[in-house]
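S.K.: Structure, please.
(2 chains)
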There are 2 protein chains.
Amino acid sequence: MDSLIGYVHGYSEREARRLGDQADTLSELLHADTAYPAGATVLEAGCGVGAQTVHLVAGSPGVRWVAVDRSAESLAVARARVTERAPGADVRWYEADLYELPFADAEFDHVFVCFVVEHLSNPGRALVELRRVLRPGGTLTLIEGDHGAAFFHPDSAYARAVIDCQARLQAVAGGNALAGRTVGPLLRDAGFAEVSVRVRTVYVDDSRPELMVDFVLDTFTAMIRGAREQAIEAGLMTPSDWDRGIADLRRTAGEGGVFHYAFFEAVGVRPS
Amino acid sequence: MDSLIGYVHGYSEREARRLGDQADTLSELLHADTAYPAGATVLEAGCGVGAQTVHLVAGSPGVRWVAVDRSAESLAVARARVTERAPGADVRWYEADLYELPFADAEFDHVFVCFVVEHLSNPGRALVELRRVLRPGGTLTLIEGDHGAAFFHPDSAYARAVIDCQARLQAVAGGNALAGRTVGPLLRDAGFAEVSVRVRTVYVDDSRPELMVDFVLDTFTAMIRGAREQAIEAGLMTPSDWDRGIADLRRTAGEGGVFHYAFFEAVGVRPS
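M.R.: The predicted structure follows:
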């Protein structure tokens, strides 16, 4: 396990697999437009277990990648994943803190940050540090989900409660499960220019049963379910209410069900 | 005033103006793709004060329109609006109940229903009646917003509470402010085929101050604000909490603010 106590999703092998599955399902949605020019040096800040990394390297051949994470254990998983799935990729790996990066000013052409600031108690400070290592004119891309965008049919107060629990636990750990809506303001406040935001909406209904399984069950519900023990220990919900909430969430992936979610992507430029 | 007691938005002149402003702001988003072929006969079911009608007729020249509403007062406003803004349009106006339409089977080539089923206690029954008057192979288009998609930055428990109040009052009146997520299931359950759903997401931040005013203040907050007296009379919120919620909603349209909303559009075909 890792020193980053507050990481609400945990560091288990099962969790690493979940994050990998999630990235596979979402990669088309999130990264279809993410391509950097050959020869560029790009920093992935907070690469975790490499769930996004394998898609980034596939989408941008010829890029020199630098991947940073504060967890040595996650880095080892990421490295193995990239070695297996993209053996020719040029990636250097660094164990480092996002608040204090071991890089010179303006060392990178671009910076990519996905599902990271939701776990940071001071995302603004991290973004200022990332701006420091970015060259003037280079871009920073920031992607986050937002649990406020999670709604579904059939609606269920229990299902809403388990999502709310997970968000509250993440807040207690210093993070923010509602980070998606803040990506634009975060970049502007950290001194980036030309900030643009895109919403990547996920709408799934029973006309797409595979996406229902991938996204609603194996991605979203799996992530919420990971907070069960913490939620019950903290007295936020009873075990039976919790289990009903999870069952109701799973129900939305069944016949006649609908699930809505949204990811937010902000891109900003370091001013000259 | 009208016999439809449960219409939560009310029937005042100010409300008619709000609905008109709202449709102008949203028309590009909602109706840019809505075009029917010249010569077709199209029913707008629940035209209200004609807020959508003026955009529909502008987008589909040569169509023979039939507009129905159960409120004679609303129809008069709609007729005046269309006469003023689209004097050449071919529109016949009927005061009628959606549950029992004064039309023969299969009389229409297409049917258009926007911001209507949110007010109906039995939308399924209305859709079956609309299917009856639609020819086999004709389409029905169903558009609804969903207050579950309303979230913002800065977040505020008071702002969430006023939205929740409005949704609860609409539910008490037999409607559903969360109808957007149900448009697909509603069409499938009513026997439509080839049902497809599109999400029309509204994301506004302070890089678009005019849209902030139009959508956040003059459309969404104006609509919520209309429920103030009912919410306070019903004891759902105190006047000061209510006013703080409205102020916090308005705050999201200011510097650094973000507002997210979503409309859902389902299109289905009447099977042969």
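S.K.: Let me see the contact set for the closest residue to A:Pro271 other than its chain neighbours.
M.R.: Excluding its sequence neighbours, the residue lying closest to A:Pro271 (CB to CB, 6 or more residues apart in numbering or on different chains) is A:Ala193, at 4.6 Å. Backbone N, C-alpha and C define where each C-beta goes, glycine included. Taking CB atoms under 8 Å, 6 or more residues apart in numbering or on different chains as the contact definition, A:Ala193 lies against A:Gly268, A:Val269, A:Arg270, A:Pro271.
S.K.: how about stretch A:61-75: buried residues?
M.R.: A:Val63, A:Arg64, A:Trp65, A:Val66, A:Ala67, A:Val68, A:Asp69, A:Arg70, A:Ser71, A:Ser74, A:Leu75 (16 or more other CB atoms under 10 Å in any protein chain shown).
S.K.: Kindly report the residues of the stretch 151-272 of chain A close to chain B.
M.R.: A:151-153, A:155, A:178, A:181-182, A:184-185, A:188-189, A:195-197, A:199, A:201, A:203, A:205, A:207, A:256, A:258, A:260, A:262, A:264 (CB under 8 Å from any CB of the partner chain).
S.K.: could you redo the last one with a cut-off of 6 Å?
M.R.: A:Phe151, A:His153, A:Arg181, A:Thr182, A:Gly184, A:Pro185, A:Val199, A:Thr201, A:Tyr203, A:Asp205, A:Gly256, A:Val258 (CB under 6 Å from any CB of the partner chain).
S.K.: Burial check on the nearest residue to A:Gly180 once chain neighbours are set aside, number of neighbours?
M.R.: Sequence neighbours aside, A:Asp146 is the residue nearest to A:Gly180 in space, at 2.9 Å (criterion: CB to CB, 6+ apart). When counting by other CB atoms under 10 Å in any protein chain shown, one arrives at 24 neighbours for A:Asp146.
S.K.: Ok, A:Ala106 next?
M.R.: For A:Ala106, the count of nearby residues is 15 (other CB under 10 Å).
S.K.: The contacts of A:Ala193 in strands, which ones?
M.R.: Assigned to strands by DSSP state E, the following of the contacts of A:Ala193 qualify: A:Gly268, A:Val269.
S.K.: Who wins on neighbours among the contacts of A:Ala193?
M.R.: The contacts of A:Ala193, ranked by neighbours (other CB under 10 Å): first place A:Gly268, 27 neighbours.
S.K.: residues contacting that one?
M.R.: If you count contacts by CB atoms under 6 Å, 6 or more residues apart in numbering or on different chains, A:Gly268 has them with A:Leu140, A:Leu187, A:Phe192, A:Val195.
S.K.: Now find how far off-centre whichever strand or helix holds the second one is within its chain.
M.R.: Think A:Leu187. A:Leu187 is located in helix A:183-189, with elements delineated by DSSP states H and E. Distance of helix A:183-189 from the chain centroid (CA atoms, centre = their mean, to the nearest Å) equals 17 Å.
S.K.: Show the average pLDDT along the very next helix or strand once past that helix.
M.R.: Using DSSP H and E, the helix or strand that follows helix A:183-189 towards the C-terminus is strand A:193-205. Averaged across strand A:193-205, pLDDT comes to 95.
S.K.: Identify all contacting residues around the helix or strand following strand A:193-205.
M.R.: Toward the C-terminal end, the helix or strand that comes next after strand A:193-205 (DSSP H and E) is helix A:209-211. For helix A:209-211, the external contacting residues (CB under 6 Å, 6+ apart) are A:Val204.
S.K.: Counting neighbours, which bits of helix A:209-211 end up buried?
M.R.: Applying 16+ other CB under 10 Å to helix A:209-211 flags A:Leu211 as buried.
S.K.: still on that earlier bit, for the residue nearest to A:Gly180, list the residues it contacts.
M.R.: Applying CB under 6 Å, 6+ apart, the residues contacting A:Asp146 are A:Leu178, A:Gly180, A:Arg181, A:Ala262.
S.K.: Show the pLDDT at it.
M.R.: pLDDT, A:Asp146: 98.
S.K.: Out of the buried residues of stretch A:61-75, which sit inside helices?
M.R.: Mapping the buried residues of stretch A:61-75 onto helices (DSSP state H) picks out A:Ser74, A:Leu75.
S.K.: Name the nearest of the buried residues of stretch A:61-75 relative to A:Ala104.
M.R.: A:Val66 (12.0 Å; CB to CB).
S.K.: Tell me how far the closest one lies from B:Gly50.
M.R.: 59 Å (CB to CB, to the nearest Å).
S.K.: just A:Ala35 next, same as before
M.R.: For A:Ala35 relative to B:Gly50 (CB to CB), the value is 46 Å.
S.K.: ok, the two, which is more surrounded?
M.R.: A direct count of neighbours by other CB under 10 Å for A:Ala35 and B:Gly50 places B:Gly50 higher, at 32 against 12.
S.K.: Next, the residue lying closest to A:Asp214 once chain neighbours are set aside: secondary structure please.
M.R.: Excluding the flanking residues, the one nearest A:Asp214 by CB to CB, 6+ apart is A:Thr25, at 4.2 Å. On the three-state scheme (DSSP: H, G, I helix; E, B strand; the rest coil), A:Thr25 is labelled helix.
S.K.: do A:Ala38 as well
M.R.: For A:Ala38, the assignment made with three-state DSSP gives coil.
S.K.: Which part of the stretch 1-150 of chain A gets nearest to chain B, residue-wise?
M.R.: The minimum distance from the stretch 1-150 of chain A to chain B, using CB to the nearest CB, falls at A:Gly148 (3.7 Å).
S.K.: Tell me the bridge partners for the closest residue to that residue other than its chain neighbours.
M.R.: Leaving out its chain neighbours, the residue that sits closest to A:Gly148 by CB to CB, 6+ apart is B:Phe151, at 3.7 Å. Taking DSSP bridges, one obtains B:His260 as the residues bridged to B:Phe151.
S.K.: since we're on B:Phe151, how many residues are nearby?
M.R.: B:Phe151 has 24 neighbours, counted by other CB under 10 Å.
S.K.: what do you get for the one 5 residues further on?
M.R.: Applying other CB under 10 Å, we find 17 residues neighbouring B:Ser156.
S.K.: Not counting its neighbours along the chain, what's nearest it?
M.R.: B:Asp248 is the one closest to B:Ser156 (CB to CB, 6+ apart), at 3.7 Å.
S.K.: Quick check: residues of the stretch 1-150 of chain A near chain B?
M.R.: A:Gly148.
S.K.: the helices in the stretch 1-150 of chain A, which residues?
M.R.: With helices called from DSSP state H, counting those that start in this stretch, the stretch 1-150 of chain A shows them at A:13-31, A:53-59, A:72-85, A:123-133.
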